[in-house]
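*Asks:* pasting the sequence and the predicted coordinates here, then a few questions.
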Amino acid sequence: MRTFGGCPDPMTNKPVNNILITAYPGVGKTTLIRRLMSDLSDYQPVGFFTQEIREGGVRVGFGLTSHDGRQHTLSHVSISGGPRVGKYGVDIAGFETFLTGIDFFSPPGRLIMIDEIGKMECLSKQFQRLLPMILDSAHVVIASIALKGTGLISGVKQRSDVTVRELTRSGADKLAREIVTRVQKLLS
């Protein structure tokens, strides 16, 4: 993992432009991503964020919202058949259709934001193919990523062109400022 500070990768001398945010569940990764989307809106980011779906105060699933406002249910307790993560059925086909509607490779501001690289998203073969292309691109990428995980999740964290920052409840404001400053440097 690369340190956060904007130093170039010593092997390639290229700036590390992939910023990953990790934390225990419930600490606020999505809240931070949404805040960064707002704080960095002048750079016209593309991508998506997740949100809990609640019914009667109980979480029953997760939805997705793209930067242009399209919405899709990623997972829900009522989805039957197909893969499951915990109590949630995951709509892989719908997620892949949702992804095709996002133009990741020609955003005007060169900023991509993904919430999140997690177990549900990694069930998608399309996402598994798309994510390395996004991280290999010249775009600045900010993504939340599961704290624990194997396969694609651990592989992404070990890339030499990423910096991984762990979010804490008390450190959100400081981390947001650091990331905004870093993105402004990279995109100026």
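*Replies:* Happy to help now that I have it.

*Asks:* longest helix of this structure?
*Replies:* Of all the segments assigned as helix in the chain under DSSP state H, the longest by residue count is helix 172-187.

*Asks:* flag every buried residue along stretch 152-163.
*Replies:* The neighbour-count check on stretch 152-163 (16 or more other C-beta atoms under 10 Å) flags 152-153, 156-157, 159, 161-163 as buried. For every residue, glycine as well, the C-beta is placed using N, CA and C.

*Asks:* now F104: which helix or strand?
*Replies:* For F104, there is no host helix or strand (DSSP states H and E).

*Asks:* and it, how many neighbours?
*Replies:* Look at F104: counted by other C-beta atoms under 10 Å, it has 17 neighbours.

*Asks:* contacting residues for it?
*Replies:* With contacts defined as C-beta atoms under 8 Å, 6 or more residues apart in numbering, F104 is in contact with 46-47, 112, 130, 133-134, 137, 139.

*Asks:* who touches the longest helix of the chain?
*Replies:* By C-beta under 8 Å, 6+ apart, the list of residues contacting helix 172-187 reads 4, 6, 15, 17, 19, 21, 28, 31-32, 35-36, 39-40, 43, 109-111, 140, 142, 165, 167.

*Asks:* are any of the residues you listed buried, and which?
*Replies:* Here, 16+ other C-beta under 10 Å leaves 15, 17, 19, 21, 28, 32, 35-36, 40, 43, 109-111, 140, 142, 165, 167 buried among the contacts of helix 172-187.

*Asks:* now intersect these with the strands, please.
*Replies:* 19, 21, 111, 140, 142, 165 (DSSP state E).

*Asks:* my guess is the second one contacts I145. True?
*Replies:* Meaning I21. Yes. Contact between I21 and I145 holds when scored by C-beta atoms under 8 Å: they sit 7.0 Å apart.

*Asks:* common neighbours of these two, please.
*Replies:* Counting by C-beta under 8 Å, 6+ apart, the residues touching both I21 and I145 are V164.

*Asks:* look up how far S160 lies from the nearest residue to L40 once chain neighbours are set aside.
*Replies:* Among residues not flanking L40 along the chain, V183 sits closest, at 5.8 Å (C-beta to C-beta, 6 or more residues apart in numbering). Using C-beta to C-beta, to the nearest Å, one obtains 20 Å as the distance from V183 to S160.

*Asks:* now do R129
*Replies:* From R129 to S160 the distance is 20 Å (C-beta to C-beta).

*Asks:* then A146?
*Replies:* 20 Å.

*Asks:* now swap in S106 and tell me
*Replies:* For S106 relative to S160 (C-beta to C-beta), the value is 26 Å.
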